[in-house]
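Chemist: Predicted model, plus sequence, below.
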Amino acid sequence: MRVIIYLAISLFVCLSSCKTIKVSKEKETKFQSIFNGKNLDGWYGDPTYWRIENGILIGEVTPETILKRNSFIIFEKQQPKNFELKLEYRISKSGNSGINYRSEKIDNLPYALKGYQCDIDGENKYTGQNYEEKKRTTLAYMGETVSIPQMPDSITEDNIRKNVIKNSWQTRTVTKTIAKKVLESSINQNDWNSVHLKVNGNKMQHYINGVLFSEVTDLDDINRSEKGFIGVQVHVGPPMLVEYKNIKLKMLQ
């Protein structure tokens, strides 16, 4: 009898363990690669600045190809609303880049995007902050948890710059901060770093190497964006190099 009970318990533990492993694998497989590392299928960008080498997406600005305005390579197959995005990046010290999401294209400006951005730069002055490209500018600096309140009807996209001072959106409430030095210590200089964006409803979280660098709750239903394109950037400035790989997307309800 004891042997039967023991076997039954062992079988239950085994089945439970197998089920847990299966669920974990199923959860991870919800992330789908959106960059195949072989070609730019599904992506739209200026070949002057973007290429693939050894399975890596490379954005490079040379002394001969200095930019007059920021340029993106855009994933055109989807315009996600609620999602998680994972990728790895490596950037030169002079580099300035970013990962845009819930963004829209701009008429008559090829390779341009307007919308939320997880900032990335080689000197880590802005890495991980939430910057809204061509709209409300900085919503959350490195280490900040921020709430953006509802704006009056008078503040629309047509006159949005009235509420921007020194490249920062003025109507925001900072509820928590983490020291910048603490965050900088978690970044790998001249090496690969992981990014995990969690974008669900009106909350946007930017993680670098598993550390939360910024969080924005955007309650401004006049100016916020609820869905849009994903893209990565090369920025106006000196010659630079940025590399991206293992770009994966998981859609949420």
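Modeler: Everything's here; your move. The model shown is predicted, which means the values in this text are computed figures rather than measured ones.

Chemist: What pLDDT does the model give residue 159?
Modeler: The model reports residue 159 with a pLDDT of 89.

Chemist: Would you list the phi and psi of it?
Modeler: phi -130, psi 30 (degrees, to the nearest 10).

Chemist: In its sheet, which strands sit next to the helix or strand hosting residue 59, and in what direction?
Modeler: Using DSSP states H and E, residue 59 sits within strand 56-61. Within its sheet, strand 56-61 is paired with strand 50-53 (antiparallel), strand 240-251 (antiparallel), according to DSSP bridges.

Chemist: and those strands as JSON lines, adding mean pLDDT and mean neighbour count?
Modeler: In short, each C-beta sits where N, CA and C put it, glycine included. Formatted as JSON lines, the strands paired with strand 56-61 follow (pLDDT from 0 to 100; neighbours: other Cβ atoms under 10 Å):
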{"stretch": "strand 50-53", "mean pLDDT": "98", "mean neighbour count": "15"}
{"stretch": "strand 240-251", "mean pLDDT": "98", "mean neighbour count": "19"}
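
Chemist: Export those as a markdown table, with columns for distance to residue 71.
Modeler: Formatted as a markdown table, the strands paired with strand 56-61 follow (distance: least, Cβ to Cβ, whole Å):
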| stretch | distance to residue 71 |
| --- | --- |
| strand 50-53 | 8 |
| strand 240-251 | 12 |
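
Chemist: Can I get stretch 36-54 in PDB, CA atoms only?
Modeler: Only the C-alpha atoms of stretch 36-54 are listed here, as PDB (Å, rounded to 0.1, in the frame of the first residue of the first chain):
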ATOM      1  CA  ASN A  36      15.300  37.300 -39.200                       C
ATOM      2  CA  GLY A  37      19.000  38.400 -39.300                       C
ATOM      3  CA  LYS A  38      19.200  37.600 -43.000                       C
ATOM      4  CA  ASN A  39      17.300  40.300 -44.800                       C
ATOM      5  CA  LEU A  40      15.100  43.300 -44.100                       C
ATOM      6  CA  ASP A  41      11.800  41.600 -44.800                       C
ATOM      7  CA  GLY A  42       9.100  43.700 -43.200                       C
ATOM      8  CA  TRP A  43      11.400  46.600 -42.500                       C
ATOM      9  CA  TYR A  44      11.600  50.000 -44.200                       C
ATOM     10  CA  GLY A  45      14.700  52.100 -43.900                       C
ATOM     11  CA  ASP A  46      17.300  54.100 -45.800                       C
ATOM     12  CA  PRO A  47      20.000  51.700 -47.000                       C
ATOM     13  CA  THR A  48      22.500  54.500 -46.700                       C
ATOM     14  CA  TYR A  49      22.400  54.000 -43.000                       C
ATOM     15  CA  TRP A  50      21.100  50.500 -42.300                       C
ATOM     16  CA  ARG A  51      22.600  47.100 -43.200                       C
ATOM     17  CA  ILE A  52      22.900  43.500 -41.900                       C
ATOM     18  CA  GLU A  53      26.100  41.800 -40.900                       C
ATOM     19  CA  ASN A  54      26.400  38.400 -39.300                       C
END
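
Chemist: Show residues contacting that stretch.
Modeler: Contacting residues not belonging to stretch 36-54 are listed as 34-35, 55-61, 65, 67, 71-77, 110-111, 231, 234, 245 [Cβ atoms under 8 Å, 6 or more residues apart in numbering].

Chemist: Now list the buried members of those residues.
Modeler: Buried residues within those, counting neighbours by 16 or more other Cβ atoms under 10 Å: 34-35, 56-61, 71-75, 111, 231, 234, 245.

Chemist: ok, for residue 119, nearest residue in space, not its chain neighbours?
Modeler: Among residues not flanking residue 119 along the chain, residue 126 sits closest, at 4.1 Å (Cβ to Cβ, 6 or more residues apart in numbering).
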